[in-house]
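Colleague: test case, fold it:
(2 chains)
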Amino acid sequence: QKEVEQDPGPLSVPEGAIVSLNCTYSNSAFQYFMWYRQYSRKGPELLMYTYSSGNKEDGRFTAQVDKSSKYISLFIRDSQPSDSATYLCAMNKAAGNKLTFGGGTRVLVKP
Amino acid sequence: SAVISQKPSRDICQRGTSLTIQCQVDSQVTMMFWYRQQPGQSLTLIATANQGSEATYESGFVIDKFPISRPNLTFSTLTVSNMSPEDSSIYLCSVVDRAYEQYFGPGTRLTVT
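Modeller: Below is the predicted model of the structure:
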């Protein structure tokens, strides 16, 4: 069993819809959580970085962490075709330490 | 956020040869990592590049195959040695900034024939 599980998708939504992504993890030692967006043939781009249970909002993005359930989510409001990409969750046990990634979810936003 | 560049951006190499990938950061950083992303897969950590000492390798990766140098706080190299087609991947360096956020370079796309 992988330490971090993420549905590979693809997740297809119409433009303007809310995109809901999630990851589950098995190791309670993970304390810091990140979401990255990766376009084809590009490096991952950091979207959100959180370290406590609860919600964190940044523009159209909301990251949610539930450490008791070992479950994290990313919501994208008012989705645009430019949001079409692969979204990767990542986490580590100490700030600035090596990351463990989920497998990534491919998202398609259709105009 | 840190600005990271990698050279080369892509290369096609013959089996049995070696390729050295460079990672340059526009500011001094303490932590620097090298990851591999195989086709259609997620990222797997190869090693932590330590400044002034030997790199720390993850299980399944060895120094003879992936030697790493880190001569200062803004630069690192990863060499992929004695390449085989199974080494065809995207190789990415990452750095951690003062806010402990981790940023990635654009990647080096390697194809081994």
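Colleague: tell me the contacts of the residue lying farthest from the centre of chain B?
Modeller: Using Cα atoms, centre = their mean, the residue of chain B lying farthest from its centre is B:Ala99. It sits 21.9 Å away. For B:Ala99, the contact set (Cβ atoms under 8 Å, 6 or more residues apart in numbering or on different chains) comprises A:Tyr49. Glycine gets a C-beta too; all of them are placed from N, C-alpha and C.
Colleague: does it sit in a helix, a strand or a coil?
Modeller: coil (DSSP: H, G, I helix; E, B strand; the rest coil).
Colleague: ok, now A:Ser82?
Modeller: helix.
Colleague: so for it, what's the pLDDT?
Modeller: What the model reports for A:Ser82 is a pLDDT of 97.
Colleague: element containing the closest residue to it other than its chain neighbours, please.
Modeller: Nearest residue to A:Ser82 in three dimensions, chain neighbours excluded: A:Val109, at 7.8 Å (Cβ to Cβ, 6 or more residues apart in numbering or on different chains). Per DSSP states H and E, A:Val109 falls inside strand A:105-110.
Colleague: can you pull the buried residues of that strand?
Modeller: Within strand A:105-110, the residues scored as buried using 16 or more other Cβ atoms under 10 Å in any protein chain shown are A:105-107, A:109.
Colleague: per-residue confidence at the residue nearest to A:Ser82?
Modeller: 98.
Colleague: just confirm yes or no for stretch B:23-41 near chain A.
Modeller: Yes: against chain A, stretch B:23-41 shows contacts by Cβ under 8 Å from any Cβ of the partner chain at B:30-31, B:33, B:41.
Colleague: who wins for most neighbours among these?
Modeller: Of all the residues of stretch B:23-41 next to chain A, B:Phe33 has the most neighbours under the rule other Cβ atoms under 10 Å in any protein chain shown, reaching 26 neighbours.
Colleague: identify the bridge partners of it.
Modeller: Here B:Phe33 sits in beta bridges with B:Thr48, B:Ser94, going by DSSP bridges.
Colleague: who's in contact with it?
Modeller: By Cβ under 8 Å, 6+ apart, the residues touching B:Phe33 are A:98-99, B:45-49, B:93-95, B:102.
Colleague: just B:Pro8 next, same as before
Modeller: By Cβ under 8 Å, 6+ apart, the neighbours of B:Pro8 are B:21, B:108.
Colleague: mind running it again at 7 Å?
Modeller: For B:Pro8, the contact set (Cβ atoms under 7 Å, 6 or more residues apart in numbering or on different chains) comprises B:Thr108.
Colleague: how far away is it from chain A?
Modeller: Distance, B:Pro8 to chain A, by Cβ to the nearest Cβ, to the nearest Å: 14 Å.
Colleague: try B:Ser27
Modeller: Noted for B:Ser27: a distance of 15 Å to chain A, by Cβ to the nearest Cβ.
Colleague: what's the neighbour count on residue 69?
Modeller: Went with chain A since none was named. A:Ser69 has 10 nearby residues by other Cβ under 10 Å.
Colleague: actually chain B
Modeller: Neighbour tally, B:Ser69, other Cβ under 10 Å: 15.
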